[in-house]
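# need a 3D model of the sequence below.
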Amino acid sequence: MQTINVRQLKSNPSTALRDARSELVVVMNRDKPDAVMIGLNQLQGLTDMTHVRQAMAVSLFQDRLMSVTAAAKLAGESTADMLSRLAKLGIAVADYDGATLAAEVDTAAQWLTPAATH
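Here you go, the predicted structure:
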């Protein structure tokens, strides 16, 4: 187990992240343990880890911190499965205003319309 203080974490977060891949990193705040960092790979084998990864993926996508594809990869599932999961949860995949949505629908309709033959 590794310990670091908040100042060390702020000055060199990459070291803490690297260390967390192989061991627990306890973040101390005013000489008291405040947080624990642990690499996701260390959690493999936990019975509910699949559900934890899925929940994190959905939450990170919902907060627009990652794409659908990245969320699917984190959850360990296909993009299609992630899109289905988001739809079941009622989470919008795209946020368009009315004008942008109308333009997107028009563009899609043009792609689907067979080209005029000459």
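# residue 33 against residue 25, yeah?
No: Residue 33 is beyond contact range of residue 25, at 10.9 Å (criterion: CB atoms under 8 Å). (Glycine included, C-beta is placed from N, CA and C.)
# compare the two and say which is more crowded by neighbours.
Counted by other CB atoms under 10 Å, residue 33 and residue 25 do not tie: residue 25 has more neighbours, with 22 against 10.
# for that one, give me its contacts.
1, 2, 3, 4, 16, 19, 36, 37, 38 (CB atoms under 8 Å, 6 or more residues apart in numbering).
# what lines up beside the helix or strand encompassing the fourth one in the sheet?
In this structure, residue 4 sits in strand 2-5 according to DSSP states H and E. When sheet partners are counted by DSSP bridges, strand 2-5 sits next to strand 25-29 (parallel).
# the strand it pairs with: how far from the chain's middle?
Chain-centre distance of strand 25-29: 24 Å, with CA atoms, centre = their mean, to the nearest Å.
# buried only: go through the contacts of residue 25 for me.
By neighbour count, with 16 or more other CB atoms under 10 Å, these hold 4, 16, 19, 37 as buried.
# for those, give me JSON lines that also has distance to residue 108 and pLDDT.
Listed next are the buried ones among the contacts of residue 25 as JSON lines, based on distance: CB to CB, whole Å; pLDDT from 0 to 100:
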{"residue": "4", "distance to residue 108": "51", "pLDDT": "92"}
{"residue": "16", "distance to residue 108": "46", "pLDDT": "92"}
{"residue": "19", "distance to residue 108": "48", "pLDDT": "91"}
{"residue": "37", "distance to residue 108": "44", "pLDDT": "91"}
